[in-house]
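Asks: model this:
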Amino acid sequence: MTTLCANSTIYSLNNYISLHPKNISVFNFMPPIKRNYVYSPSAIRCSNIQLSDPNYVTIFDTTLRDGEQAPGASMTIKQKMDIASQLAKLGVDVIEVGFPAASQAEFDLVKLVAQKIGNNIDEEGYVPMICGLARSTKEDIDKAWESLKYAKKPMIHMFIATSDIHMKYKLNMNREEVVERARSMVAYARSLGFKHGRFSLEDATRSDKEFVYHNIGEVIKAGATCICVADTVGCNLPNEFAQLIADIKTNTLGIQNVILAVHCHNDLGLATANTLVGICVGVRQVDVTINGIGERAGNASLEEIVMAIKYRGEEALGDVYTGINTKHIFTTSKMVEEYSGLKLQPHKAIVGANAFTHESGIHQDGILKNKGTYEFISPEDVGFIRASEHDGIRLGKLSGRHALKIKMLELGYNFEEKQLEDLFWRFKSMTGRKN
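Replies: Here you go, the predicted model:
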């Protein structure tokens, strides 16, 4: 049985590890396959969609578009500009700013970001690609071009639904009409001047696979440079999603000539997992949002995907990496939380209030002896700076003597053992009460 990820490097259709479409397991791993490449990360990031290194994963951030679609997440133009600037500082490859045809305000924002941030090239040659969403209509594509053409690297993101339920009830179109619309609109976008045309299959995970292969093949022939497979309602389990991506790579003509992307929603809490298994099977562009915000239960979280790649990319994900400066993650997260009004759950991975906080006595004792015992991820790596050495120790009813002693020393009290023992039990008595 051929496996999907672990320590194998996945490539385009001509040279990636072959996958038997009926016998895939994401739980059986192959030994590492090492390949040596000489590359310049800044050159790769500057080229964005041109992947000179097959191990590079492009980060497509849609916080300002899909993220703002979360109920209650409306932000002002100034706030969005601040976030766009912070995303550029973070080093995302593509900033999807919005939907230019939705309103004049949305059009103006996309244009402003294209002009200001889309031309701000740093000393390493990096400039983010600026993207706008468009339905597969000439009107939407015209609006996208008029707003995005000012950017150094403009990208249009077109989409159309391919599931039977969407085609019947939302589009009122048959399969032939959907394919023709998709093909003709990709060609139209190219004719306007878009060099980077990304096309998404909305609700792809509930679509007929043969229709998906055919549709993708046609838009590739029409000039699409990136194909995005969307788990729009977040219904897939990781093994199903991996199988779909593998089947697309095996059965779609021309797929080796484009970047393959995924857009995963979190309705079953699996957006991050599905995105990561996509990477295992050869996906090299991932849609993410800061804090995982977005429609309904949200999207795949940038901080979770990026840190999974940073800490496990080499040994478990085929030696992949990103161009993200992870030290800006915490600041960016706090900015999005404040501006969107969507408060983080305390136990949110990477950026939640409890992510680097310890109250259990066993854990506290380990942390005080060696932080690596219970902190797999270093808080400094995501830009989380503790006020003091032991700031992550929180005293509570499950805390132990070691933590109490350290906290007392921080306050200037050096108790003898018997005094500390008496204090500890008085402390436990107090914390055991529930007001």
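Asks: Help me confirm that Lys405 comes into contact with Leu420.
Replies: Yes - at 5.9 Å, Lys405 counts as touching Leu420 under the criterion of CB atoms under 8 Å. Any C-beta I mention is one placed from the backbone N, CA and C, and that applies to glycine too.
Asks: can you list the domains in this structure?
Replies: What automatic domain parsing lists as the domains of the chain is 41-340, 361-431.
Asks: Deepest-packed of those domains, please.
Replies: Highest mean neighbour count of these: domain 41-340, a mean of 21 (counted as mean count of other CB atoms under 10 Å).
Asks: circling back: looking at the domains of the chain, which has the lowest confidence?
Replies: Here the domains of the chain differ in mean pLDDT, and the lowest is domain 361-431 at a mean of 83.
Asks: Show the end-to-end separation of that domain, please.
Replies: End-to-end span of domain 361-431 (CA to CA, to the nearest Å): 13 Å.
Asks: still on that earlier bit, mind putting the domains of the chain in TSV, distance to Ile350 included?
Replies: Listed next are the domains of the chain as TSV, based on distance: least, CB to CB, whole Å:
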stretch	distance to Ile350
domain 41-340	4
domain 361-431	6
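Asks: Could you export whichever strand or helix holds Glu315 as CSV, CA atoms only?
Replies: According to DSSP states H and E, Glu315 maps onto helix 302-316. Provided in CSV are the C-alpha atoms of helix 302-316 (Å, rounded to 0.1, in the frame of the first residue of the first chain):
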residue,chain,number,x,y,z
LEU,A,302,-2.6,30.2,9.3
GLU,A,303,-0.7,29.9,12.6
GLU,A,304,-1.6,26.2,12.9
ILE,A,305,-0.6,25.3,9.3
VAL,A,306,2.6,27.4,9.4
MET,A,307,3.8,26.1,12.7
ALA,A,308,3.0,22.5,11.8
ILE,A,309,5.2,23.0,8.7
LYS,A,310,7.9,24.8,10.7
TYR,A,311,8.1,22.0,13.4
ARG,A,312,7.1,18.9,11.5
GLY,A,313,7.7,19.9,7.8
GLU,A,314,11.0,18.2,7.4
GLU,A,315,10.3,14.9,9.1
ALA,A,316,6.6,14.3,8.5
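Asks: Any chance you could list what contacts that helix?
Replies: 5-7, 29, 32, 57, 59, 61, 63, 92, 272, 275-276, 279, 286, 288-292, 317, 319-322, 324, 326, 329, 333, 349-351, 376-377, 381-382 (CB atoms under 8 Å, 6 or more residues apart in numbering).
Asks: same deal with stretch 136-151?
Replies: 100-101, 107-108, 110-111, 113-115, 118-119, 129-134, 154-156, 158-160, 181-182, 185, 188-189, 192-194.
Asks: So what does Ser191 have for phi and psi?
Replies: Backbone torsions of Ser191, given as degrees, to the nearest 10, read phi -70, psi -30.
Asks: do the one 3 residues further on as well
Replies: Recorded main-chain torsions at Phe194 are phi -70, psi 110, according to degrees, to the nearest 10.
Asks: cool, and the one 3 residues further on?
Replies: Main-chain torsions, Gly197, degrees, to the nearest 10: phi -120, psi 110.
Asks: All the strands of the protein, residue numbers only.
Replies: 58-61, 94-98, 129-135, 154-161, 196-202, 226-231, 259-264, 285-288 (DSSP state E).
Asks: Just send these back as CSV, with distance to Ala70 too.
Replies: Output for the strands of the chain, formatted as CSV (distance: least, CB to CB, whole Å):
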stretch, distance to Ala70
strand 58-61, 15
strand 94-98, 14
strand 129-135, 16
strand 154-161, 18
strand 196-202, 18
strand 226-231, 17
strand 259-264, 15
strand 285-288, 14
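Asks: how about the helices in the chain?
Replies: Using DSSP state H, the helices of the chain run over residues 41-47, 77-90, 104-116, 138-148, 164-166, 175-192, 209-222, 238-251, 271-280, 302-316, 329-340, 361-369, 401-410, 417-431.
Asks: Dump those helices to JSON lines, plus distance to Cys228.
Replies: Output for these, formatted as JSON lines (distance: least, CB to CB, whole Å):
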{"stretch": "helix 41-47", "distance to Cys228": "19"}
{"stretch": "helix 77-90", "distance to Cys228": "19"}
{"stretch": "helix 104-116", "distance to Cys228": "19"}
{"stretch": "helix 138-148", "distance to Cys228": "16"}
{"stretch": "helix 164-166", "distance to Cys228": "16"}
{"stretch": "helix 175-192", "distance to Cys228": "12"}
{"stretch": "helix 209-222", "distance to Cys228": "10"}
{"stretch": "helix 238-251", "distance to Cys228": "11"}
{"stretch": "helix 271-280", "distance to Cys228": "11"}
{"stretch": "helix 302-316", "distance to Cys228": "15"}
{"stretch": "helix 329-340", "distance to Cys228": "22"}
{"stretch": "helix 361-369", "distance to Cys228": "40"}
{"stretch": "helix 401-410", "distance to Cys228": "47"}
{"stretch": "helix 417-431", "distance to Cys228": "50"}
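Asks: Good, we can wrap up now.
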